[in-house]
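Undergrad: Just the structure for this:
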Amino acid sequence: MSEKQEEPVVLEQPSGMVGYVCRTLMGLEPLVSSELEALGAIDVVPGRRSVSFFISEEGLYRFLQTSRFAVRVLRPVFRFKANGPDDMYAKAVKLDWGMWVDPRRSLALDVTVNSPEFPHDQFAMFRLKDAMSDHYQARSNGNGGVHLDINRMEPEQLVHLHIAGEDVTISLDLIGKDALFKRGYRAPRARAPLNEVLTAGLLGLAGWKPGQTLVDPMCGSGTFSIEAGLWTAGVPIHAGRNAWTLYGMPQFNSDLWREVSESARAESISRAPILASDWNKHPVGDARESVRTAGLEHLVRVEVADFLDLKPPRGVEPGLIVLNPPYGQRVHADDLDNLYGGIGGALKHRWTGWRAGLLFPKELEAQHRIGLKPSVKHTVMNGPLSCTWALYDLYKGKRVDHLYGDAKSDSATEVENKVEPEGETVRFRRPRVQGASED
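TA: Take a look at the predicted model:
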């Protein structure tokens, strides 16, 4: 075997900044970019469910501990071209793996392939593992070689192989097996919860900031309120994580990590009401348990209440009301139409001056019963579902009057809100389902 090694990819700026890739959810790329730029990152380039960037070591550590919108953070270390699994093996076996991977520590491989030259993901993974094993065997000087410890459940190191056409990128995962949306506060009985990163992203896309009132009247397991509470408390969102794969990397600076962690823990609590409720006592119990686990009893109140009977809290500035209503999996279609009509009527007539955010599948017919025209719409993925995050500015009267004042033109009448008069608002007859929300 030739001793000539492939050159590692150069992802370092003269300033000492190093290149990374953050994986996130669709639609949240601008929020990740804003987080990074606030920490001094440069060359921040949003992609599809990802953001590439260069950042200092201190900035990286702060981002890892505080990012609300990141799912994973990768450090690309090798890039080359290969026209098939055997060619990839021939080049990968020559890479300087000793710089990045410790063969004495357990390892897992994650593979993404989009290439006609690599017809099977698993075969590409096995060929990369063979290349790594043979690399270490060749450098053992006849001392028995090295057996890689593959541990897919609790790996101490996680290597990502990404293949697009002939372009091969090998990256180190700084996070570990559990992605950053696993915050650790979830009640074990919580049913159909929203992804925590998605929830924080929805709040960010709505323009909500700590210190503003938040009402979550179909709270389910309480993810909206808890994410808002953690944001309001100002503590690093990932302070409780202790199994970062970053810790075992040769370049890890434990002293700097500790300094960043201590400075990030300085709480800056903003006080504003965060009110969660649901008509069903069972998800309310789960939400309360999760609030306690997150240590947010002093910021988040959870109660049993039906949104269609709920009135805005008194003595507070209007803020954001968020709703993740049922999508139809556990609710009859007629009841779903009535529910969405009731939501639109309640928002129009009771929540004047507030802003509302509703999450629903893009193809859901019942969404048209809301009868309100959103000011902004974002497309996001809620698990496998393509969903709309619709934001509404709530005001008295017609939308055209709100936009144009008294100078309403004939062409503007097409953008009016259309809802039934308050006395004719359709009431929703509660179906017999577990929970009133998909969260």
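
Undergrad: quick one: H135 from W97, how far?
TA: 5 Å (Cβ to Cβ, to the nearest Å). Glycine gets a C-beta too; all of them are placed from N, C-alpha and C.

Undergrad: For the stretch 251-400 of the chain, just list every one of the helices.
TA: 254-264, 281-293, 333-350, 399-404 (DSSP state H, counting those that start in this stretch).

Undergrad: Could I get the full set of strands for the stretch 251-400 of the chain?
TA: Assigned by DSSP state E, counting those that start in this stretch, the stretch 251-400 of the chain shows strands spanning 274-278, 300-304, 320-323, 355-361, 376-382, 385-393.

Undergrad: The first one - contacts with which helices or strands?
TA: Of the remaining helices and strands, those touching strand 274-278 by 3 or more Cβ pairs under 8 Å, 6 or more residues apart in numbering; DSSP states H and E are strand 214-216, helix 223-233, helix 281-293, strand 300-304.

Undergrad: neighbouring contacts of the second one?
TA: Where contact means Cβ atoms under 8 Å, 6 or more residues apart in numbering, the residues beyond helix 223-233 that reach it are 68, 183, 185, 193-194, 196, 199-200, 202-203, 208, 210-211, 214, 216, 219, 237, 267, 269-272, 274-276, 287, 290-291, 294, 296, 299-300, 302, 322, 324, 439.

Undergrad: so which of the strands of the stretch 251-400 of the chain gets nearest R105?
TA: Between R105 and those, the tightest spacing by Cβ to Cβ is seen for strand 376-382, at 33.7 Å.

Undergrad: Which members of the contacts of helix 223-233 are classed as buried?
TA: 68, 183, 185, 193-194, 196, 199-200, 202-203, 208, 210, 214, 216, 219, 237, 272, 274-276, 287, 290-291, 294, 296, 299-300, 302, 322, 324, 439 (16 or more other Cβ atoms under 10 Å).

Undergrad: show me where pLDDT drops low in the stretch 201-350 of the chain?
TA: For the stretch 201-350 of the chain, the stretches with pLDDT under 70 are 266-267, 329-334.

Undergrad: Try it again at 80.
TA: In the predicted model of the stretch 201-350 of the chain, residues 239-240, 265-271, 328-334 satisfy pLDDT under 80.

Undergrad: possible to save the strands of the stretch 251-400 of the chain as TSV with distance to A82?
TA: Listed next are the strands of the stretch 251-400 of the chain as TSV, based on distance: least, Cβ to Cβ, whole Å:
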stretch	distance to A82
strand 274-278	51
strand 300-304	51
strand 320-323	47
strand 355-361	40
strand 376-382	31
strand 385-393	33
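
Undergrad: Dihedrals phi and psi, G248?
TA: G248 adopts backbone torsions of phi -90, psi 0, taken as degrees, to the nearest 10.

Undergrad: from memory R62 sits against L39, does it?
TA: Yes - R62 is within contact range of L39, at 5.6 Å (criterion: Cβ atoms under 8 Å).

Undergrad: more neighbours, those two?
TA: Neighbours per residue (other Cβ atoms under 10 Å) separate R62 from L39, with R62 holding more: 22 against 18.

Undergrad: which residues touch the more buried one?
TA: Contacts for R62 (Cβ under 8 Å, 6+ apart) come out as L39, V260, A264.

Undergrad: Using JSON lines, please lay out these together with distance to S115.
TA: Listed next are the contacts of R62 as JSON lines, based on distance: Cβ to Cβ, whole Å:
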{"residue": "L39", "distance to S115": "34"}
{"residue": "V260", "distance to S115": "39"}
{"residue": "A264", "distance to S115": "40"}
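
Undergrad: any idea how far the residue nearest to V101 when sequence neighbours are not counted lies from L172?
TA: Ranked by Cβ to Cβ, 6 or more residues apart in numbering and with sequence neighbours excluded, the top spatial neighbour of V101 is Q157, at 6.1 Å. As defined by Cβ to Cβ, Q157 lies at a distance of 7 Å from L172.

Undergrad: Repeat that for E259.
TA: Distance from E259 to L172, by Cβ to Cβ: 23 Å.

Undergrad: again with I55
TA: In terms of Cβ to Cβ, I55 sits 15 Å off from L172.

Undergrad: These two - which one has more neighbours?
TA: Per other Cβ under 10 Å, whichever of I55 and L172 has more neighbours is I55, with 25 against 21.

Undergrad: That one contacts A38, doesn't it?
TA: No - judged on Cβ under 8 Å, I55 makes no contact with A38 at a distance of 11.2 Å.

Undergrad: center of the chain, which residue is that?
TA: V197 (2.4 Å; Cα atoms, centre = their mean).

Undergrad: which secondary structure element contains that residue?
TA: Assigned by DSSP states H and E, V197 belongs to helix 196-205.

Undergrad: now do D130
TA: Per DSSP H and E: helix 121-138 holds D130.

Undergrad: following that helix, which helix or strand comes up?
TA: Per DSSP H and E, the first helix or strand lying C-terminal to helix 121-138 is strand 157-164.

Undergrad: mind listing what that following strand pairs with, with the direction of each?
TA: If you go by DSSP bridges, strand 157-164 pairs up with strand 107-114 (parallel), strand 167-173 (antiparallel).
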